[in-house]
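**Q** structure for the following, please:
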Amino acid sequence: EVDAHTVLALDADSGKLLWSYTVGGRVDSPPTWHRGRLLFGSRDGWVYSLRASDGRLAWRFKGLPCRSICAYQQVESAWPVCGSILITDDIAYFCAGRNSFIDGGIVLFGLDPETGQVRHQRHLYGPYGQDGFPVRMTREAVGGNGFGIRGNKGDILLADDRHVYLRHAAFT
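**A** As a prediction, this is how the structure comes out:
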């Protein structure tokens, strides 16, 4: 229930509610199952790990300071965790933030999915040109159809056998 900030577990055969867990912000994507746990991010800026069997909290993680804004008629973190959690090579990857150019950028995290401990962290802030200065936003910079913001957007991550991808950026 996205706007109710709730993750629900239903019996596959009967549709009966098995358990529910409510967090402090919208949950816009389904949880990722990993070894009996469900991992998901929320627009409250936290990542949660629940036991799939009963919905009990195993751990939660918030890697950025608490700063709230109003978006979509709800209070949420300036660094929401949107999209599903990607697990590859036994690391849980996600991004916190909306765009690398606003609100302090985006942080890509890699956590141990069993404990929530940080294994990797990369701050993306920009875009910056070759001279090291911010890219100016002009109609020409975004194709002439209006103003926009370049840079990485907090989005769903993908992976292959060598990289984790955030849209057009690849990370090792």
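**Q** please make it C-alpha for all contacts and neighbour counts, starting now.
**A** Noted.
**Q** distance between the ends of stretch 100-107?
**A** In stretch 100-107, first residue to last residue: 8 Å (C-alpha to C-alpha, to the nearest Å).
**Q** and the lowest-mean-pLDDT helix or strand in the chain, what does it pack against?
**A** Least confident helix or strand of the chain, by mean pLDDT, DSSP states H and E, is strand 68-71 with a mean of 77. The contact analysis (3 or more C-alpha pairs under 8 Å, 6 or more residues apart in numbering; DSSP states H and E) places strand 68-71 against strand 74-77.
**Q** which is the next helix or strand following the strand it packs on?
**A** Going down the chain from strand 74-77, the next helix or strand is strand 86-88, by DSSP states H and E.
**Q** buried ones in that next one?
**A** Leu86, Ile87 (16 or more other C-alpha atoms under 10 Å).
**Q** where's it relative to the chain centroid, distance-wise?
**A** 12 Å (C-alpha atoms, centre = their mean, to the nearest Å).
**Q** and it, average pLDDT?
**A** Average pLDDT, strand 86-88: 95.
**Q** tell me the strands beside that strand, with direction?
**A** Its sheet considered, strand 86-88 pairs with strand 91-96 (antiparallel) by DSSP bridges.
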